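Colleague: Just to be clear, the model below is a prediction. Sequence and coordinates:
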Amino acid sequence: MEILYRIIMIYLLFDNPGDKKRVSFISEQTFKKIKEVYSPKCKRLFVGWLKGCWAVLRLSHHDDTIVCWYDFQAVLCHWLFMFFFKRRKIVCINLLLKDKASAKNKIVAWLYKKALKSKHFVASVTSVEYGIHLKKRLGINKELFLLHDVFHEDYKVNASLDVCPNTVFCGGRNGRDWKFMIEVAKAMPHVQFHLVMPKVTYDEFQHELPSNVVARYNISMEDFMKEMCSCEIIALPLDTEAPAGLIVLFQAAANMKYIITTDTMTTREYLSDGRGCLLPNDIDAWKKAINEKLELDKSNIQASKKLLNFLQTECSEEKFVEGIETMIKKCNDNGNS
């Protein structure tokens, strides 16, 4: 009698169809057979994420592995599969759970906690310290894998751009403490600040901006990078301990920019050991650091080189793929135990 064995498949689920170019390296570099699944673009993000979960549920079979690029979508997959009594192994890339004490966040934390307690759910964090914090917060005793966010060499801008003296750049979306950044700018009228923010943030603060601030919103990535590269220093004041600002940090590092940021559990993973400047959100401390770094060119270059070397060795695409493969193996081992 002939026995047929089905090949266990691995599905890589993305929350954003725009990720395709940026993440193709995973399928190219892994030795495993991977099928990529992209969530559809919808007016309501949650609907798109749910549709992506449903698509991968229909494509996959018992004991297949689903690798989720977005942590919340991994949790959605867990609950959707449970609802339909379908067993899949889930690999969740880099947990990001905010500490805000709202009713919504409490519900989300409960959903995460239950998912993480499953032996078929394996997850990573981008910082060892943040992982310890999450386990304590959720009251779980589970291994969380360290997987640094991936650094892409093409973050570097090849065009030659003039750097304007006495300038500070701050840009991005999630987790920025814009109010604090504006207060720092007010306290330093002799320094020019270039801010790139979401339109909703601009609308909120436009009447509070001092004359030494140039603010833009919803600009293209090309213009964003030009703004960044034309400034001497990058400032990233954050309002959360959760991972935030890492893509901008990587973009700045690729272009040899010195970074001053809020001292958090996540930023310490990347900027400690003299690779940048970590500070509490204190106006006097930021004033002092910005003034010093605008004058010290050589030490800035040394720190920037140190950070770039760290990212190229510890956060490379190859290391990222190795980390995912390790988690897939762990998931399979758990499923067989």
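Modeller: Right, received. Where do you want to start?
Colleague: Sketch out the low-pLDDT regions of the protein for me.
Modeller: Counting by pLDDT under 70, the low-confidence segments of the chain come to 1-7, 20-21, 30-32, 335-337.
Colleague: Where do the domain boundaries of it fall?
Modeller: When the chain is parsed into structural domains using automatic domain parsing, the resulting residue ranges are 10-150+316-336, 153-314.
Colleague: Any chance of TSV for those domains, columns mean neighbour count?
Modeller: The way it works is simple: take the backbone N, C-alpha and C, and place the C-beta from them, glycine included. TSV is the format used below for the domains of the chain (neighbours: other Cβ atoms under 10 Å):
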stretch	mean neighbour count
domain 10-150+316-336	17
domain 153-314	18
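Colleague: So Ser304 is in contact with Met256, correct?
Modeller: Yes: using Cβ atoms under 8 Å, Ser304 is in contact with Met256, at 4.6 Å.
Colleague: Show me the contact partners of stretch 43-57.
Modeller: Counting by Cβ atoms under 8 Å, 6 or more residues apart in numbering, stretch 43-57 makes contact with 11, 13-15, 37-42, 66, 70, 72-73, 76-77, 80-81, 84, 86, 88, all of which sit outside it.
Colleague: just checking, what packs against the helix or strand hosting Lys288?
Modeller: Per DSSP states H and E: Lys288 is located in helix 283-295. Helices and strands in packing contact with helix 283-295 are listed as helix 178-186, strand 233-236, strand 258-262, strand 277-279; criterion 3 or more Cβ pairs under 8 Å, 6 or more residues apart in numbering; DSSP states H and E.
Colleague: Kindly calculate the angle that the helix or strand following the first one makes with helix 283-295.
Modeller: It stands for helix 178-186. Using DSSP H and E, the helix or strand that follows helix 178-186 in sequence is strand 192-197. Orientation note: strand 192-197 sits at an angle of 110 degrees relative to helix 283-295 (axes from the mean of the first three to the mean of the last three Cα atoms, to 10 degrees).
Colleague: what's next to strand 192-197, contact-wise?
Modeller: Under the criterion Cβ under 8 Å, 6+ apart, residues 164, 166-173, 176, 178, 181-182, 184-185, 212-217, 219, 224, 227, 230-231, 235 lie in contact with strand 192-197.
Colleague: how does it look with 7 Å?
Modeller: Residues from elsewhere that reach strand 192-197 (Cβ atoms under 7 Å, 6 or more residues apart in numbering): 166-171, 178, 181, 185, 212-217, 219, 224, 227, 231.
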